[in-house]
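turn this into a model:
(one chain, ligands or ions: 1)
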Amino acid sequence: MLQTLLGSCAALGVPLTAAQAEKLCDFGARLLEQNRVMNLTAITEPQAVAKLHFADCLALLRIVPFSGKRVIDVGCGAGFPGVPLKLGEPSLDLTLLDSLGKRVTWLEATLRDMGVPAQCVCSRAEDYAAKAREQYDIATSRAVARLNILAELCLPFVKPGGYFLAMKAAAAAEELEEAKRGIARLGGRVEKTETYDIDGAPRCVIVIRKEHPTPPAYPRRYAKIKQSPL
Ligand SMILES: C[S@@+](CC[C@H](N)C(=O)[O-])C[C@H]1O[C@@H](n2cnc3c(N)ncnc32)[C@H](O)[C@@H]1O
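Residues are numbered from 1 along each chain as shown. Sure, this is the predicted structure:
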């Protein structure tokens, strides 16, 4: 796993020390061990974890500066992209948010055991926004919802001047088109789309800058968000 990770990061231009790579491999081993008894990841081969989970997530570090930033990972599941980001850039202050209690409990215990500081929160994003509105420099999210729904879950957490980074597979253009109006209403503006490839598979990150505060009416209740996306 270690050599694959170092090779993938070098190919992406993401600097990673040997000590950081070893810590990521330690997290990977714990993930695969726990995955035998809890559904944490569909990716079960160590080299694939190195590329499709770790390198994919670490690619965000090249896109905007993370050093010293407050970051929330919305719908983190087993910790992606938040945990690789924290291990690759330890100066960031990380909140991991997911609505599924057993994943959050496992993450909290695992990170404590590894000596990695992070706030692990079990809540739905649309509920937690009432407590942490505009508290973060950066919100990240991967594989949680279509962009027109995800923007309403994530942008309320971001301070004006901060970023929401939505990790998507290559076919993001259509999602972007249907979400543009809602992103503007939530105070955001699409700054750029960054593409890269992981093991030949195209990936894309939609970079949304928060320009204005999100109106207090958002986020709405999830049923409403889903029924009528902005
Ligand atoms: C497919 S998993 C992706 C996990 C991780 N981001 C990754 O890329 O491996 C989606 C996760 O989003 C969480 N989720 C979905 N909707 C959510 C919401 N409204 N608030 C918080 N978590 C949510 C689910 O519990 C699940 O763990």
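
next one: residue 170 from residue 193, what distance?
Using C-beta to C-beta, to the nearest Å, residue 170 is found at 10 Å from residue 193. (C-beta placed from N, C-alpha, C; glycine too.)

what of residue 73?
For residue 73 relative to residue 193 (C-beta to C-beta), the value is 20 Å.

same question for residue 35.
32 Å.

how about residue 201?
In this view, residue 201 and residue 193 are 16 Å apart by C-beta to C-beta.

do residue 186 as well
Applying C-beta to C-beta, the value for residue 186 to residue 193 is 18 Å.

show me which residues of the longest helix anywhere in the chain are buried.
Looking across the chain with DSSP state H, the single longest helix is helix 18-34. For helix 18-34, burial by neighbour count (16 or more other C-beta atoms under 10 Å) applies to 20, 21, 23, 24, 25, 26, 27, 28, 30, 31, 32, 34.

so what touches the next helix or strand after that helix?
Once helix 18-34 ends, the next helix or strand along the chain (criterion: DSSP states H and E) is helix 46-48. Helix 46-48 has contacts (C-beta atoms under 8 Å, 6 or more residues apart in numbering) with 1, 4, 28, 29, 32.

quick revisit: more neighbours: which of residue 73 and residue 193?
Comparing residue 73 with residue 193 by other C-beta atoms under 10 Å, the one with more neighbours is residue 73, at 29 against 14.

alongside the ligand, which residues does the protein contribute?
Within reach of the ligand by C-beta under 6 Å from any ligand atom, the chain has these residues: 75-77, 80, 97-100, 103, 124-126, 142-144, 153, 222.

what about residue 101, neighbour count?
Applying other C-beta under 10 Å, we find 10 residues neighbouring residue 101.

identify the bridge partners of residue 158.
Per DSSP bridges, the residues bridged to residue 158 are residue 136.

my read: it touches residue 138, true?
Yes. Residue 158 is in contact with residue 138 according to C-beta atoms under 8 Å; the separation is 7.2 Å.

would you mark the buried spots in stretch 79-99?
Going by neighbour count (16+ other C-beta under 10 Å), the buried part of stretch 79-99 is 79-89, 92, 94-99.

what does stretch 211-229 give?
Within stretch 211-229, the residues scored as buried using 16+ other C-beta under 10 Å are 214, 218, 219, 222, 225, 229.

the ligand: which of the residues you listed is nearest?
Closest approach to the ligand among the buried residues of stretch 211-229 (C-beta to the nearest ligand atom): residue 222, at 5.9 Å.

does the closest one touch residue 129 like I think?
No. If you go by C-beta under 8 Å, residue 222 and residue 129 don't touch, sitting 11.5 Å apart.

for burial, what's the neighbour tally of residue 72?
27.

so how far is residue 181 from it?
Here residue 72 is placed at a distance of 24 Å from residue 181 (C-beta to C-beta).

before we move on, what about residue 115?
45 Å.

those two: which is more packed in?
Each of residue 115 and residue 181 has its neighbours counted (other C-beta under 10 Å); residue 181 has more, 12 against 7.

and the more buried one, what element?
Going by DSSP H and E, residue 181 is in helix 173-185.

mind listing the helices in this structure by residue range?
Counting by DSSP H, the helices of the chain are 2-12, 18-34, 46-48, 56-58, 82-88, 101-114, 125-128, 147-154, 173-185, 222-227.
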